[in-house]
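J.: What would the 3D arrangement of this be:
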Amino acid sequence: MNALIRLELTRALRNRKFLFFSVVYPAALFLLISSTSGSDGGKIPGSGLTVATYMMVSMASFGALTAVLMGNSERIAKERESGWVRQLRLTTLPGRGYVLAKTASAAVVSLPSIVVVFAVAAALKHVRLDAWQWLALTGAIWAGSLVFAALGVAIGYLATGDAVRPITMITYFVLSILGGLWWPSAVFPAWLQDIAEWLPTHAYAALGQAIERSQAPRTQDIAILVAFFALFAGGAAWLYRKDTLKA
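T.: As a prediction, the model looks like this:
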């Protein structure tokens, strides 16, 4: 399995288009939004955070989401159609090893997405946090990305090679926008805020925002992420077994 993880990492790091959208794009979007949403010292309503600190967590979460969701779903669907997954089943690699390798490699690739946004925020927007907060933010956003890595695996086994991109893109934009990653959910109508509260992306960003305020994450946010991880991972496992029986 270690060899497969190294192969997956090499393929991802060689994909310049993937690296642009998962690493460069979130940092650029952070600069754009934080520069056009008022002064850096202005507060986001209901959060107690400045525009720069609030959007830093949102865009770091968005970059990690991009890396694990977009990277997993399309690659798995295409590998199924090309016969690569069928070939792997003829080796000694257990089925769970393939899924774990995909999830692990996606999680590793998500780290640069987080670190680059943090570096840009500190250097260009003068975001200042304590050392423990930087470490806790990195760990929380990285660990939370596993929820969406599991979703990417599930979509990869659910969709065909032709259908996987539109399904992934719709899921990607709905979760990003309604979850409040592109702009604060406080600007939404009340009924839409109620929906956003229960989305995994909203809970995901809320973990980092709590750390920025030196507060403990809400139990509700942790519970939502755990529940969605169980749902996505369980769905991925079921779809994998179904695909194996079909083959």
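J.: Sketch out the low-pLDDT regions of the protein for me.
T.: Scanning the chain with the threshold set as pLDDT under 70 gives 1-18, 37-42, 83-99, 244-247.
J.: list the contacts for the residue nearest the centre of the chain?
T.: Central residue of the chain (CA atoms, centre = their mean): residue 65, 1.7 Å from the mean position. Residue 65 is in contact with 145, 148, 172, 175, 176, 181, 201, 204, counting by CB atoms under 8 Å, 6 or more residues apart in numbering. C-beta coordinates here come from the backbone N, C-alpha and C atoms, glycine included.
J.: hmm, 10 Å instead?
T.: Shown in contact with residue 65 (CB atoms under 10 Å, 6 or more residues apart in numbering): 22, 26, 110, 113, 141, 144-145, 147-149, 151-152, 172, 175-176, 179, 181, 200-201, 204-205.
J.: cool, residue 205 as well?
T.: Applying CB under 10 Å, 6+ apart, the residues near residue 205 are 54-55, 57-62, 65, 141, 144, 179-181, 184-185, 199, 221.
J.: Break down the chain into its helices, ranges please.
T.: Per DSSP state H, the chain carries helices over the ranges 2-14, 16-19, 25-36, 51-65, 71-82, 84-89, 95-124, 131-158, 164-178, 190-196, 200-212, 219-246.
J.: Quick check: buried residues in the third one?
T.: Burial within helix 25-36, assessed by neighbour count using 16 or more other CB atoms under 10 Å, is assigned to 25, 26, 27, 29, 30, 31, 33, 34.
J.: contacting residues around the first one?
T.: Shown here is residue 25, whose contacts under the criterion CB under 10 Å, 6+ apart are 19, 59, 62, 63, 66, 113.
J.: Let's have the residues you listed in CSV, adding neighbour count and distance to residue 231.
T.: Shown next, in CSV, are the contacts of residue 25 (neighbours: other CB atoms under 10 Å; distance: CB to CB, whole Å):
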residue, neighbour count, distance to residue 231
19, 17, 29
59, 30, 26
62, 27, 21
63, 30, 23
66, 22, 21
113, 30, 24
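J.: looking at it, residue 137 is touching residue 208, isn't it?
T.: Yes: taking CB atoms under 10 Å as the definition, residue 137 is a contact partner of residue 208 at 5.2 Å.
J.: gap between residue 80 and residue 28?
T.: 33 Å (CB to CB, to the nearest Å).
J.: again, but for residue 106
T.: 22 Å.
J.: Show the contacting residues for residue 196.
T.: Residue 196 sits next to 177, 178, 179, 180, 184, 185, 186, 188, 202, 203 when contact means CB under 10 Å, 6+ apart.
J.: go again using 6 Å as the cut-off
T.: Contact analysis of residue 196 by CB atoms under 6 Å, 6 or more residues apart in numbering lists 178, 180, 185, 202.
J.: Verify the contact between the second one and residue 204 for me.
T.: Yep, that's residue 180 we're talking about. No: the pair residue 180 / residue 204 is not scored as a contact, 9.7 Å apart, by CB atoms under 6 Å.
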